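Visitor: Turn this into a structure:
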Amino acid sequence: MSVYEKIRQIRKAKGLKQEQIAEKLNMSPNGYGDIERGDSDIKLSRLEAIAEALEIKLSALFELNEKGAITVTCVKNRDGNWYLNSSAIELERQLLINELQQKELVLKDKELAMQQHEIEILKLHITQLQKY
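Guide: Residues are numbered from 1 along each chain as shown. As a prediction, the model looks like this:
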């Protein structure tokens, strides 16, 4: 069972709603729902907060292998951040989305600068026309 499945199972066993846990974590219900669905990578600090909100020990979220050791999957992304129980593919997808969003912002900034330049030119034309 994955960490996010275990989080959902423990929450339900305690009779809590996603909204209640989200409120304790100061996050949106949708954001918390993403965690329980496994659609969001979870940093260790967030896992600690979830464990606290569920009133359990952090180790309860991890499974023990046959030797009694906790099994954790860690993935390091290109930016050097470590994520628990994440797939490299999902991290790469998120990084690509972030890169595309950054490129889109750059393009929008350039477009805005061009429009501001056009406004200045139009203001000059208006000033010249008002002289006549």
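Visitor: Please, which helix or strand holds Q116?
Guide: helix 88-131 (DSSP states H and E).
Visitor: what about that helix, distance to the chain center?
Guide: Relative to the centre of its chain, helix 88-131 is centred 25 Å away, using C-alpha atoms, centre = their mean, to the nearest Å.
Visitor: What mean pLDDT does it get?
Guide: Mean pLDDT, helix 88-131: 88.
Visitor: Just give me the residue closest to the centre of this protein.
Guide: Per C-alpha atoms, centre = their mean, the C-alpha nearest to the average position across the chain is that of S40, at 6.0 Å.
Visitor: Check it and give its pLDDT.
Guide: S40 is assigned a predicted lDDT (pLDDT) of 83.
Visitor: and it, that one's in a helix?
Guide: No - the assignment for S40 by DSSP: H, G, I helix; E, B strand; the rest coil gives coil, which leaves it out of any helix.
Visitor: quick one: A22 from G33, how far?
Guide: According to C-beta to C-beta, to the nearest Å, A22 and G33 sit 8 Å apart. Where C-beta positions appear, they are placed from N, C-alpha and C, glycine not excepted.
Visitor: my bad, G15
Guide: Noted for G15: a distance of 17 Å to G33, by C-beta to C-beta.
Visitor: cool, and L129?
Guide: In terms of C-beta to C-beta, L129 sits 58 Å off from G33.
Visitor: Settle it for me: which of the two has more neighbours?
Guide: Between L129 and G33, counting by other C-beta atoms under 10 Å, G33 is the more crowded of the two (17 against 8).
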